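> Fold the following for me, if possible:
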Amino acid sequence: MEGAEQRADACDVVVVGAGIVGAAVAARLARQGLRVAVLEAQQVAGGATGRSAGLLLTGVPGHYHWAVRFFGREAARALWELSVEGRERLMEAAAHLGVRVERTGSLALAVTEEEAEALRASAELLREDGFDAGFSRTDPLQRGFLAALQRPDDGVVDAADLTRALLASAPVTVHTGTEVQGLEAEGADIRVWAYRRTVRCGAVVLAAGGYAPTLEPTLSRWVSPGHALLVAGQVEGDRSLDTPCYADYGYEYACSLPDGRLLMGAWRYPRRPSSAENSPDPDAALREGLSRFARRYFPEVEGHIIQRWTGMIGCTPDGVPVVGALPHLTGVYFALGLGGWGLCWAFVAAERVVEMMLEGAPAGLLDAQRREIERR
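Reported below is the predicted structural model:
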């Protein structure tokens, strides 16, 4: 449990990162009888997991119409099916652990005519491939959106609470405020160098999201740090959202909390180096974009923001998480790249990396060695 005094100077597995993926990996390994220590630079769920709105959105950003064109029909269908499987596993685990989870459905909303057509085509393809989806050329929220795609099986979860509950559900030692600074082979084992402690272990799982490439630079081949912004507004009157929504191909989103606050967020893929170098404030465009979105579609939030969070997320070029093993350091595995839409992938990624570690099983659609593709 968090805050335990037990030192983890020797164990079977070190998991780096105490977000939702790291917690799922650690709990699964501990239930297999392994001695597991989680090393976290901040607090449990202190990174992208704790800064998410908890939306359980099936698939990957960009709508199904895009995925079919980009991956091909068969691969897109398989990815959506895997995401559905991950969503259901997460919702089942949350319910079992007493964590708030709700099947609210979701709304994908169009902000341009082009996106409205993409939603129409996506709904048609989804239904043909056996997924439940509806389409309307009207705005069910009456806020000025041009079209809506309804997915009744999506939901919301308290991701931070679920992370804490997973770690508490198994005999896992968690060390917060313990930034990992390096990994080194030591005979058949691995030495993990961290702030104020070192740990010798048989295997390591890197689940540190967008921070992982700073620890192991070779991971930048697959994962780059993106940026996310989340704000909470205390709105007046009955303007709550019964159904969480996202718009602009998934880059902006909104949902209501049980206490009446409205959460709004935005995220972006990693910038190209030239644009980052030319900007003294690399998050300025993200803040301005979310502000414009709020003024246009959620004006009641204007002037009522009471909390604001920014953070880093791990993104892959094609939007699909990656699971693999470092080729140059035996015993080091990774499950990364869930991006801004990754909760439905968390349990799938955790399962795949554990099976790879314990059984040598392939990671399938999440394999980091999958065909190299350009950024979409």
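
> Farthest from the middle of the protein: give me that residue.
Residue farthest from the centre of the chain, counting by C-alpha atoms, centre = their mean, is Gly187 at 34.6 Å.

> On the three-state scheme, the closest residue to Glu355 other than its chain neighbours is what?
Take Glu355 and drop its neighbours on the chain: the residue closest to it by C-beta to C-beta, 6 or more residues apart in numbering is Ala361, 4.0 Å away. Glycine gets a C-beta too; all of them are placed from N, C-alpha and C. Secondary structure assignment for Ala361 (DSSP: H, G, I helix; E, B strand; the rest coil): coil.

> The host helix or strand of Leu358: how far from the chain's middle?
Assigned by DSSP states H and E, Leu358 belongs to helix 343-359. Distance of helix 343-359 from the chain centroid (C-alpha atoms, centre = their mean, to the nearest Å) equals 14 Å.

> just checking, what packs against the helix ranked longest in the chain?
Longest helix in the chain, counting residues (DSSP state H): helix 73-96. Counting contacts by 3 or more C-beta pairs under 8 Å, 6 or more residues apart in numbering; DSSP states H and E, helix 73-96 is packed against strand 55-56, helix 63-71, strand 101-102, strand 155-157, helix 159-168, helix 343-359.

> Could you tell me how many residues sit around the residue nearest to Glu355?
13 (other C-beta atoms under 10 Å).

> now do Gln43
If we define neighbours as other C-beta under 10 Å, then Gln43 has 15 of them.

> And for Gly337?
Gly337, neighbours per other C-beta under 10 Å, totals 30.

> Convert the C-alpha atoms of the helix or strand hosting Leu230 to PDB, please.
Here Leu230, judged by DSSP H and E, is contained in strand 224-233. What follows is strand 224-233, C-alpha atoms only, in PDB (Å, rounded to 0.1, in the frame of the first residue of the first chain):
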ATOM      1  CA  SER A 224       6.500  10.900 -27.800                       C
ATOM      2  CA  PRO A 225       5.100  13.200 -25.100                       C
ATOM      3  CA  GLY A 226       1.900  14.900 -26.000                       C
ATOM      4  CA  HIS A 227       0.100  17.600 -24.000                       C
ATOM      5  CA  ALA A 228      -3.200  17.600 -22.200                       C
ATOM      6  CA  LEU A 229      -5.200  20.300 -20.400                       C
ATOM      7  CA  LEU A 230      -8.200  19.800 -18.100                       C
ATOM      8  CA  VAL A 231     -10.400  22.400 -16.400                       C
ATOM      9  CA  ALA A 232     -13.300  22.200 -14.000                       C
ATOM     10  CA  GLY A 233     -16.000  24.800 -13.900                       C
END
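
> What separates the first and last residues of stretch 145-156, distance-wise?
End-to-end distance of stretch 145-156 (C-alpha to C-alpha, to the nearest Å): 22 Å.

> coming back round to it: hmm, who's touching the longest helix of the chain?
Here helix 73-96 makes contact (C-beta atoms under 8 Å, 6 or more residues apart in numbering) with 56, 58-60, 64, 67-68, 70-71, 100-101, 103, 125-126, 129-131, 153-155, 157-158, 162, 165-166, 320, 343-348, 364-365.

> which of these are buried?
The neighbour-count test (16 or more other C-beta atoms under 10 Å) marks 56, 58-60, 64, 67-68, 71, 101, 125-126, 129, 131, 153-155, 157-158, 162, 165-166, 320, 343-348, 365 as buried among the contacts of helix 73-96.
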